[in-house]
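# Can you look at this prediction? I've put the sequence above it.
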Amino acid sequence: MSTSRTSSEPRIFHRVVALAAAALALVASPHTWAADYPSKTITIVAPTVPGGAMDGVARLIAQHLSPRLGQAIVIENKPGVGGTLGAMQVAKAAPDGHTLVIVADSYLTVSPRLLRGVALKPFDDLAPVIEVGSSPMVLVANPSLGVRTIAEYVAKVRAEPGKVTYASAGLGSPHHLAMAILDQQLALRQNHVPYKGGPAAFVDVVGGHADSMFIVMSTAEPYIKSGKVVALGVSSPEPLPEHPEIPAIASVAPGYESGFWFGIFAPAKTPPAAISRLNREIAAVLASPDVVEKMKTLGVAPGVDSTPESLAEKLRVDDAKMEKVLRGLGLGAE
């Protein structure tokens, strides 16, 4: 029995071949792809509640980045699970450059080690885009604790081990690690009270429901001036130029230093053309004098000359560092 093709089959065959060739040409031509990017609204996930420094930085960048990219940019707050909830959401998003996440370093280097069941693998799941800024913190206490200096605070904790409560934005957050490292260095024992975000934690310190916490200066400053909290020390090696009256915690804990940086990441396998465009445009935003000044009010120093490669290396170094810190603190999955 013989078979024969219908007259439409050759046309269908050639159309399939043509579509496949077009698809391959698009993949092979990053310049063509880049010319079309971005093609829709960009979402930046902030794994924290509104009102904190990270949220403020994300919104500031979005405001100035949107006109440069010619697309709307929305901020989606996704707090929880030590900052990994939002990061995992982005890791599962389409790798097309339209979904990004801004994270603090500890969300990638600490939380996955501390929290049982967290499936985030930062080096496999996310693609570095750019470091956007860094910040030291200030240790503040409610006046009811009865201490005025960092030395008095340390003496209070030593005299009443386990009774002084400190708040944080969650297990593995920069606020938590800053105090945990101090406890380790000075052999102190305090009671950690984790919250779902820095603002909520700080409200309870101001209200006297928690004794102390590390927080960015921009948040604490008006409350320090009004006397609602007492500034005990800063986490940088030296006093901040804007607040020389507040000593460095290193004055009682030699070598102590803590702080955090923010970075923007995309899903793994996002096209290099999209990563490059985002890095270039965000770097231009961060170099704007207006943005620099506004970031200072948030207590964040903008990142300088950050590339995807330099951010990847920074993450690698900090990840190794925090692995040693956590091992020394005896902290593991809970």
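Happy to help now that I have it. Fair warning: this is a prediction, and the values are worked out from it, not measured in the lab.

# can you map out the helices along the stretch 101-250 of the chain?
105-109, 111-114, 122-125, 150-159, 174-186, 198-206, 217-226 (DSSP state H, counting those that start in this stretch).

# quick one: the helix or strand residue 89 falls within to chain centroid distance?
Counting by DSSP states H and E, the element that carries residue 89 is helix 84-91. In terms of C-alpha atoms, centre = their mean, to the nearest Å, the centre of helix 84-91 is found 12 Å from the chain centre.

# what does it contact?
Helix 84-91 is contacted from outside by 45-48, 76-81, 99-101, 103, 107-108, 111-112, 115, 118-120, 122, 125-126, 265-268, using C-beta atoms under 8 Å, 6 or more residues apart in numbering. Backbone N, C-alpha and C define where each C-beta goes, glycine included.

# Worst mean pLDDT among the helices of the stretch 101-250 of the chain?
Among the helices of the stretch 101-250 of the chain, helix 111-114 carries the lowest mean pLDDT, at a mean of 86.

# what comes into contact with that helix?
81-84, 118, 120-122, 171-172, 322-323, 326, 331-334.

# same thing but 10 Å
47, 81-85, 87-88, 103-104, 106, 118-122, 170-173, 176-177, 319, 322-323, 326-327, 329, 331-334 (C-beta atoms under 10 Å, 6 or more residues apart in numbering).

# Stretch 302-309 now?
Residues contacting stretch 302-309 (C-beta under 10 Å, 6+ apart): 57, 60-61, 127-134, 261-266, 272, 275-276, 278-280, 282-283, 285-288, 291-292, 294-296, 310-311, 313-314.

# mind redoing it with 6 Å?
When contacts are defined by C-beta atoms under 6 Å, 6 or more residues apart in numbering, stretch 302-309 is touched by residues 128, 130, 131, 132, 133, 275, 279, 286, 292, 295.

# What's the ChimeraX syntax to select whichever of the residues you listed are buried?
The ChimeraX selection below is limited to those of those classed as buried (16 or more other C-beta atoms under 10 Å):
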select :128,130,131,132,133,275,279,286,295
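
# In JSON lines: the contacts of stretch 302-309, plus distance to residue 213.
What follows is the contacts of stretch 302-309, written out as JSON lines (distance: C-beta to C-beta, whole Å):
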{"residue": "128", "distance to residue 213": "29"}
{"residue": "130", "distance to residue 213": "29"}
{"residue": "131", "distance to residue 213": "25"}
{"residue": "132", "distance to residue 213": "23"}
{"residue": "133", "distance to residue 213": "21"}
{"residue": "275", "distance to residue 213": "35"}
{"residue": "279", "distance to residue 213": "33"}
{"residue": "286", "distance to residue 213": "28"}
{"residue": "292", "distance to residue 213": "27"}
{"residue": "295", "distance to residue 213": "22"}
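
# Now pLDDT too, for the contacts of stretch 302-309, in CSV please.
Below are those laid out as CSV (pLDDT from 0 to 100):
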residue, pLDDT
128, 98
130, 98
131, 97
132, 96
133, 92
275, 98
279, 98
286, 97
292, 94
295, 92
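
# of all the contacts of stretch 302-309, which two lie farthest apart?
Farthest-apart pair in the contacts of stretch 302-309 is 275 and 292; separation 23.6 Å (C-beta to C-beta).

# tell me which residues of stretch 136-148 are tucked away?
Within stretch 136-148, the residues that count as buried by 16+ other C-beta under 10 Å are 136, 137, 138, 139, 140, 141, 142, 145, 147.

# Stretch 153-165 now?
Result for stretch 153-165 [16+ other C-beta under 10 Å]: buried residues 153, 154, 156, 157, 164, 165.

# cool, stretch 47-67 as well?
Residues 47-49, 51-62, 64-66 are the ones in stretch 47-67 that count as buried (16+ other C-beta under 10 Å).

# Could you do stretch 108-125 as well?
Those buried within stretch 108-125 under the rule 16+ other C-beta under 10 Å are 108, 109, 110, 111, 112, 113, 114, 115, 118, 120, 122, 125.

# now the strands: where do they sit in the stretch 151-300 of the chain?
165-168, 191-194, 212-215, 230-234, 260-267 (DSSP state E, counting those that start in this stretch).

# Deepest in the core, which of those strands is it.
strand 212-215 (a mean of 29; mean count of other C-beta atoms under 10 Å).

# Run the chain-centre distance for that one.
Mean-position distance between strand 212-215 and its chain equals 17 Å (C-alpha atoms, centre = their mean).

# by contact count, what packs against that strand?
When contacts are defined as 3 or more C-beta pairs under 6 Å, 6 or more residues apart in numbering; DSSP states H and E, strand 212-215 sits against strand 165-168, helix 174-186, helix 198-206.

# for the ones you listed, which one sits closest to residue 95?
The nearest among the helices and strands packed on strand 212-215, by C-beta to C-beta, is helix 174-186 at 27.8 Å.

# Can you tell me which helices and strands that closest one packs against?
strand 165-168, strand 212-215.

# With distance to residue 247 and mean pLDDT added, can I get these in a markdown table?
Shown next, in a markdown table, are those (distance: least, C-beta to C-beta, whole Å; pLDDT from 0 to 100):
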| stretch | distance to residue 247 | mean pLDDT |
| --- | --- | --- |
| strand 165-168 | 19 | 97 |
| strand 212-215 | 15 | 97 |
